[in-house]
Each structure stands twice: as C-alpha cells, then as structure tokens.
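# When you get a sec, could you give me coordinates for this:
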Amino acid sequence: MRAPLAHLRPQPSIRLRLALTYTVVLLATCIALLALNYALLFRRLYTDPDPGPNERTTADGRRVFENEQDRRAYENKLAGMAELRTAAVLSAGTTSAAALALTAVLGLGVSWVVAGRVLRPLQTLTAATRRISQDRLHERIALAGPRDELKELADTFDEMVARLEASFNSQRRFVAHASHELRTPLAIVRTSAEVLLAKRQTTIAQWEAMAGRTLTATGRAERLLDGLLALARSDSGVIAGEPHDLAIAASTALAEADDEAEHAALAVTADLRPGPVFGDPALLDRLMSNLVNNAVRHNRRGGWVGVRTGRDGDEAIVSVSNSGDPIPAGDVDRLFEPFQQMAAGRTAGARSSGLGLAIVRSIVRAHGGRVSATPIAEGGLSVTVTLPAREGDAPRRLTGS
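Next comes the predicted model:
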C-alpha cells in the first residue's frame, strides 16, 4: 500500500526545483570561494615568526637560543599568534556563516523570481493547449519574445495545430463530399423505383429503363466505394513489398483505357522504359490506372495523351501528360484533394469519381515517393511520379502509339 500512496504524493513544481537548484549552485560557489580564502588566510597566520639576532635554527628545524630570555620572548610571541589566529578564525567563521545564510535566502528569492520568468512561456503554452480543442483549432499561441528554445517550442506547437486544423478540415470536406456522392446514386435508384411502383400499369420497357438507370447508379456507387477503399488502404501505410515494373503497369492501364481513348478520338503515345520498384503491385497498378484514366477523361475530343516511364539514377519515374482546357497554376494542388474536379468539359466525366489524383498521391506517399503536377501552357496537365527504384533489372523498352 505504500507504493500507491507515494505515487499520489504531490511532487514539487518545476519552478521550485529550478529555484532550489539555482540556490544550491550559488551556495556551492560561495563555499568554494570561502574555502580558498580560508586556505590563504591560514597559510599566512600559521607562518612561524622570523628568527631573532640571538637565535639560530639547526639542520633538523629546531630553534636554539643563546639565553633563557630569548626563549621566553619566542614562546610569548607564539602564544600571541595563537590567540590572534583563534580570534581571526572565530570572527571570519561567524561572518561567513551569516553571509552564507543571507546569500541562501536572497538567492532562493531571486531564483524563484527568475524561474517564474523563465517558465512563464510554458504557462502560456499550457493554457493555450487546454483551450484548443477540435472546435477551436484556429487559435494559436503566437508567443512573442527572443528566438530561444521556448519560442521555438511555441512556434512548433503552432505549426502542429495548423496541420491538425488542415487535416480536420480536409476530413470534414471528405466526409461531406463522400456522403453527397453516395447519396446521389442511391437517390436515383430510390426515385426510379418509387415512380415506377406508383404507376397503376407498367410496361416491360419501363422496367427495363429503370433497370438501366439502376445499373448506372449502382456502378457509380461501386466505383466510388472502390476508390474510397483504395484511398483508405494506401493511407493506412500497410502495403506489400514485392518487385514490380511501372512500365508493365502503364502498359496494362493503357490497354484498359483504349476503348475510352478511341471513343474520344485521342492520340495516345507511350514511351515505356523499365521502372523497377518495390511495393504493393495492386496499389501500383491502381496508381497507373488512375493516372491514365485521369488523362483520358479530363481531356477534349480529338486531344492527345502521352505516357512515359523510365529510371533516373536510383529513382523510377512516371510522367503522364494530356491536352485539355487551360488550368490555373493556383488550382493544381487542389486537384490532389478528394472530390476536387475542374469544371472543364471532359470526354468521360460520368465515370469519374473525383478520387483519381487523391488516390495517386496517397499511394505515392505510402511508397516513399513524390508526385507533382504542372499545367501545360496550351491546355492540359502533366503529372510526374517519382518512386525509389529497385536494383538488378535488365534493360528493356516497350513502345506504343
């Protein structure tokens, strides 16, 4: 029972501990200086008196006097010096003890004030931490003062809260958009069924039309759920570590998007050189599929799509470019957020879930890579993905158009 009671016993505050530490250091310094002073004083007081004219010192250090009077004079001198040493030691000791006590009291008081001033920013940080919650992430400490360790700590805390605020806002937007996107196909299915059931007489053609709308709506919901699952899987960071080639993944993605590209009269060019990487093959295939589909679906009729894979030193590189309407440079980063789409005309917009580039960024981060997008001056977008390359692959090349 003693251990829990000892654990619940109140501990001294950091301010008190700092004040005591400062005081102990001050007293230790004062004692060291006094010890040095006493050593010099004792050395001076304990020096033997100089020999008189009728005295001499033997080889073994003994003093020899010529008469009794000289010997008694020497003994009286020694007695006077002993009394002087005793009085000096008592006087210096009393004064030193009083000075140390006064120094301890003053030092503790000054140390308490100094420790309070030093720890004041921490009190501000603690109060701000207690105030900030999920609904008050806009608040900041904004600590003023010199650029010291505490100022750096406060600034780091402000940066962390800013990242949390951005993360919470992004999560709220994601949930709102996902709910809206899922509600739309469900509403289509429900409305179609209600309208058809409300009719007294229905025909086979009407039921077939409703079945077609239902298939379209459920397909949209299925693609959205598939995208959400892929995004959640890549965000979790739990991925496989198997060898894979981005050139093969790109070739497969181009083959799957061939019908859409042909329907939109797009000119597709490919320069597929080996891009060996280690990672999750399913996620890497999804990355390439999203890049190619994004280029095909966010395009203009009769436009073009260019896909390039390769290796640059210890990095594997994928570049997918496409034509389309001009994109403002300030809107490029927004395209990597979930459900963020440009309002331009698209060749296959009905099949887009708004998660393509968001999934790409998540997969790239899960594999320790980088992704960037650059708007093309004539219209369109160029997306470049860089991943750590895998060693030990023979050179080969796949080309297509």
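
# Any stretches of the stretch 101-250 of the chain with poor pLDDT?
133-135, 170, 173-174, 177-178, 180-181, 227-228, 230-239 (pLDDT under 70).

# Tell me where it has helices.
In the stretch 101-250 of the chain, the segments counted as helices under DSSP state H, counting those that start in this stretch are 149-198, 204-236, 246-256.

# now do the stretch 301-401 of the chain
Under DSSP H, counting those that start in this stretch, the stretch 301-401 of the chain gives helices at 356-366.

# Would you mind finding the most buried of the helices of the stretch 101-250 of the chain?
helix 246-256 (a mean of 20; mean count of other CB atoms under 10 Å). (Glycine included, C-beta is placed from N, CA and C.)

# can you list the domain ranges for this protein.
Per automatic domain parsing, the structural domains of the chain span 11-131, 149-233, 242-400.

# Looking at the helices of the stretch 101-250 of the chain, which is nearest to Leu283?
Leu283 lies closest, by CB to CB, to one member of the helices of the stretch 101-250 of the chain: helix 204-236, at 5.7 Å.

# Would you agree Ala221 is in contact with Leu186?
Yes. Between Ala221 and Leu186 a contact is recorded at 6.9 Å, counting by CB atoms under 8 Å.

# sorry, back to before: redo the helices of the stretch 101-250 of the chain as TSV? Include distance to Leu381.
Output for the helices of the stretch 101-250 of the chain, formatted as TSV (distance: least, CB to CB, whole Å):
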stretch	distance to Leu381
helix 149-198	21
helix 204-236	19
helix 246-256	17
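
# closest one to Val296 among those helices?
helix 246-256 (9.4 Å).

# which one of the domains of the chain lies closest to Leu143?
Using CB to CB, the domains of the chain put domain 149-233 closest to Leu143, at 3.7 Å.

# Please enumerate the strands of the stretch 201-350 of the chain.
242-245, 267-272, 276-279, 304-312, 315-322 (DSSP state E, counting those that start in this stretch).

# Provide the strand pairings for the longest one, with the direction of each partner.
Read that as strand 304-312. Strand pairing for strand 304-312, using DSSP bridges, gives strand 267-272 (parallel), strand 315-322 (antiparallel).

# who touches stretch 305-316?
By CB atoms under 8 Å, 6 or more residues apart in numbering, the surrounding residues in contact with stretch 305-316 are 246-247, 250, 254, 261, 266-277, 291-292, 295-296, 299, 317-323, 386-390.

# Distance to Asp155 and mean neighbour count for the strands of the stretch 201-350 of the chain - can I get that in a markdown table?
Below are the strands of the stretch 201-350 of the chain laid out as a markdown table (distance: least, CB to CB, whole Å; neighbours: other CB atoms under 10 Å):
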| stretch | distance to Asp155 | mean neighbour count |
| --- | --- | --- |
| strand 242-245 | 41 | 18 |
| strand 267-272 | 46 | 17 |
| strand 276-279 | 36 | 22 |
| strand 304-312 | 36 | 19 |
| strand 315-322 | 33 | 22 |
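
# Adding distance to Ala358, write these out as TSV.
Converted to TSV, these look like this (distance: least, CB to CB, whole Å):
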stretch	distance to Ala358
strand 242-245	22
strand 267-272	24
strand 276-279	18
strand 304-312	20
strand 315-322	16
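
# wait, which of these is closest to Phe336?
Comparing the strands of the stretch 201-350 of the chain by CB to CB, strand 315-322 comes nearest, at 14.0 Å.

# tell me the angle that closest one makes with helix 356-366.
Angle of strand 315-322 versus helix 356-366, following axes from the mean of the first three to the mean of the last three CA atoms, to 10 degrees, is 170 degrees.

# Restricting to C-alpha, output strand 315-322 in CSV.
C-alpha atoms of strand 315-322 as CSV (Å, rounded to 0.1, in the frame of the first residue of the first chain):
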residue,chain,number,x,y,z
GLU,A,315,14.6,6.6,-58.9
ALA,A,316,11.8,5.3,-61.1
ILE,A,317,9.8,8.0,-62.9
VAL,A,318,6.3,8.1,-64.4
SER,A,319,5.1,11.0,-66.5
VAL,A,320,1.5,11.3,-67.8
SER,A,321,0.5,14.3,-69.8
ASN,A,322,-2.7,15.2,-71.6
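
# Which residue lies nearest the spatial centre of this structure?
In the chain, the residue lying closest to the centroid (CA atoms, centre = their mean) is Met160, at 7.3 Å.

# Same list (the strands paired with strand 304-312) but as a markdown table, adding distance to Gln171 and mean pLDDT.
Below are these laid out as a markdown table (distance: least, CB to CB, whole Å; pLDDT from 0 to 100):
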| stretch | distance to Gln171 | mean pLDDT |
| --- | --- | --- |
| strand 267-272 | 37 | 94 |
| strand 315-322 | 28 | 94 |
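
# of all these, which lies closest to Arg71?
strand 315-322 (100.1 Å).

# so the closest one versus helix 246-256, what angle?
Interaxial angle, strand 315-322 versus helix 246-256 (the same axes, to 10 degrees): 20 degrees.

# just how off-centre is strand 315-322 within its chain?
Centroid separation between strand 315-322 and its chain, computed with CA atoms, centre = their mean, to the nearest Å, is 28 Å.

# repeat for stretch 124-132
With CA atoms, centre = their mean, you get 20 Å for stretch 124-132.

# what does that stretch rub up against?
Counting by CB under 8 Å, 6+ apart, Glu139, Arg140, Ile141, Leu143, Leu150, Leu153, Ala154, Phe157, Val161 sit against stretch 124-132.

# For it, which residues meet the burial criterion?
Thr124, Leu125, Ala128, Ile132 (16 or more other CB atoms under 10 Å).

# Fine by me, we can end here.
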